[in-house]
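Undergrad: Predicted coordinates and the sequence they were generated for:
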Amino acid sequence: MVKLVYFAWVRERMGMAEEMVELPASVQTIADLALWLAGRDEGAALAFANPDVVRAAIDKHHVSPQTSVQGAREIAFFPPMTGG
Amino acid sequence: MVKLVYFAWVRERMGMAEEMVELPASVQTIADLALWLAGRDEGAALAFANPDVVRAAIDKHHVSPQTSVQGAREIAFFPPMTGG
Amino acid sequence: MREAGRTTRHISVQAAPFDLAAEVEKLTGGRTDIGAVVTFTGLCRDEAGLLSALELEHYPGMAEDEVTRVVDEAEQRWPLQAVGVIHRFGVIRPGEVIVLVVTASAHRVAAFEAASFLMDYLKTRAPFWKKEHPADGSSGGWVEAKALDDLAAERWSAAKRD
Amino acid sequence: MREAGRTTRHISVQAAPFDLAAEVEKLTGGRTDIGAVVTFTGLCRDEAGLLSALELEHYPGMAEDEVTRVVDEAEQRWPLQAVGVIHRFGVIRPGEVIVLVVTASAHRVAAFEAASFLMDYLKTRAPFWKKEHPADGSSGGWVEAKALDDLAAERWSAAKRD
């Protein structure tokens, strides 16, 4: 089981702030996971409609779409940051 | 008559902070004035020993050595600035 | 905190407002080796009356970690004697402070560059998101990231390669 | 002081110390159109215990005029909502403030660049001279201008030509 957390408009479109999921074997990378989530429902499809825009973090470190999800405890998806 | 004012080590070498002088007709520019002052005594010679280093202002505006002294009310000589 | 060669640092991600002078004093007070202190304060603007507030969402835990990583990098690049970053979250009204960066160094160029670098990196790396609350009561939207902010952050990578 | 399009400014050449927070508040307090405030504070260092004080000589009248001209130029180059410069003269002890620059703008790059420009120009144009008073009681000398400071000021001319 891995914890997924969502922020800002990704959270709003997913309709939840976090969830626990069992990843299928086909999900190897962040990009795989985004694609898999996008296929779940309409909100998720909208959240990942433009996968290049969504950013990800594994265990609170920024990662690229090609990063492996193996061993991850917490995976976050969010829009580009607008702090500062 | 024109007022001459000196600052920092130019003031110390000239041995005074200010003076009123009547400029001879031969003194047309700031460079002429520096040369004329340097000829007065040992302290003045030391103050203007390296005329490239000494900066000047006419009526509280920075000027170059080639600037005419005509019409000047107050001429200042000082080292490169070290404020800030 | 005050030994030679050590950088005094203060990092905080918080909802509460804070006081500029107190933060600067905390970082630099009582020292006689600091020549230059630069502060950057980022404030909420009312956009000519159109905005009633910004709501800042953040990723708890990662926000603190990422700010710390950005501060680590600034310390590696510039000889800093003190560095502070405070980033607020929650509802912030026009005129209120969102972020504060403080850098202290023996010389001014290091203090200026490090503060500018910290802001550029915080903008693009720290996990905070701004939602606008319009003054007319409509629902508002998420502030979009600016391509210019990415370019501003990238120039520090270019500088490193030179 | 607060109309749109007008820059609030405060320029002072003074012997007395001053308070950072009060000066920032004076320039930016009560406003909701400012997005970024940068402050630069230049302090007297003790040079690892070798220095007991700096004595700053200035050219009364010209100091204020020249600071004003430098501020005028900054306002022409960047869209500033507020700008402040305070430069002290007289005897200044280690840990005390020599100079304060405050810039406020809607956006951070303008505030950072204008503050950096103001410091570079003040260093090379404002008629102030520093004399060192060594801690051992010896007579000390005048601080020499740095070629690096001239180069720092010149890069703004280069930037203008680009």
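TA: Arrived safely. As the structure is a computational prediction, the values presented were derived from the model and not from experiment.

Undergrad: From now on I want contacts and neighbour counts done on CA atoms only, so please keep to that.
TA: OK.

Undergrad: show me where chain C has helices.
TA: C:20-28, C:62-77, C:108-125, C:147-161 (DSSP state H).

Undergrad: Mean neighbour count, those helices: which tops it?
TA: helix C:108-125 (a mean of 24; mean count of other CA atoms under 10 Å in any protein chain shown).

Undergrad: near chain A at all, stretch C:49-66?
TA: Yes: interface with chain A: stretch C:49-66 contributes C:56-59, C:61-62, C:65-66 (CA under 8 Å from any CA of the partner chain).

Undergrad: Out of these, which comes closest to chain B?
TA: residue C:66 (34.7 Å; CA to the nearest CA).

Undergrad: what's near enough to touch the closest one?
TA: A:61, C:125-127 (CA atoms under 8 Å, 6 or more residues apart in numbering or on different chains).

Undergrad: mind redoing it with 7 Å?
TA: For residue C:66, the contacting residues are residue C:126, by CA atoms under 7 Å, 6 or more residues apart in numbering or on different chains.

Undergrad: of the helices of chain C, which approaches residue A:71 most closely?
TA: helix C:62-77 (18.0 Å; CA to CA).

Undergrad: that older thread, which pair in the residues of stretch C:49-66 next to chain A spans the largest distance?
TA: C:56 and C:65 (17.3 Å).

Undergrad: Output the below-cut-off pLDDT ranges for the chain.
TA: In the absence of a named chain, this looks at chain A. Counting by pLDDT under 70, chain A has no low-confidence residues at all.

Undergrad: you looked at the wrong chain, it should be chain C
TA: For chain C, counting by pLDDT under 70, the residues that fall below are C:1-5, C:159-162.

Undergrad: distance of the closest residue to residue C:67 other than its chain neighbours from residue C:62?
TA: Leaving aside its chain neighbours, residue C:67 sits nearest to residue C:126 (6.1 Å; criterion: CA to CA, 6 or more residues apart in numbering or on different chains). Distance from residue C:126 to residue C:62, counting by CA to CA, to the nearest Å: 8 Å.

Undergrad: do residue C:52 as well
TA: Residue C:52 is 28 Å from residue C:62, by CA to CA.

Undergrad: Then residue A:22?
TA: For residue A:22 relative to residue C:62 (CA to CA), the value is 23 Å.

Undergrad: now residue C:10
TA: Taking CA to CA, one finds residue C:10 at 17 Å from residue C:62.

Undergrad: ok, now residue A:38?
TA: Counting by CA to CA - residue A:38 and residue C:62 are separated by 24 Å.

Undergrad: cool, residue C:128 as well?
TA: On the measure of CA to CA, residue C:128 and residue C:62 end up 10 Å apart.

Undergrad: One more: residue C:69?
TA: 10 Å.

Undergrad: Can you work out which residues contact both of the two?
TA: Counting by CA under 7 Å, 6+ apart, nothing touches both residue C:69 and residue C:62.

Undergrad: about what we covered before: output the helices of chain C as TSV; include the columns distance to residue D:133.
TA: Formatted as TSV, those follow (distance: least, CA to CA, whole Å):
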stretch	distance to residue D:133
helix C:20-28	23
helix C:62-77	32
helix C:108-125	22
helix C:147-161	39
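
Undergrad: Nearest approach to residue D:151 belongs to which of the ones you listed?
TA: Nearest of the helices of chain C (CA to CA): helix C:108-125, 12.2 Å.

Undergrad: Is chain A within reach of that closest one?
TA: Yes: looking at helix C:108-125 against chain A by CA under 7 Å from any CA of the partner chain, the contacts come from C:119, C:122-125.

Undergrad: if we look at that helix, which residues are touching it?
TA: So helix C:108-125 is contacted by A:81-84, C:36-38, C:40, C:67, C:70, C:74, C:78-79, C:101-105, C:149-150, C:152-153, D:112, D:116 (CA under 7 Å, 6+ apart).

Undergrad: hmm, 6 Å instead?
TA: A:81-84, C:36, C:38, C:74, C:78, C:103-105, C:153 (CA atoms under 6 Å, 6 or more residues apart in numbering or on different chains).

Undergrad: again, but for stretch A:55-69
TA: By CA under 6 Å, 6+ apart, stretch A:55-69 touches A:28-31, A:74-79, C:62.

Undergrad: repeat for stretch A:37-52
TA: So stretch A:37-52 is contacted by A:10, A:13-14 (CA under 6 Å, 6+ apart).
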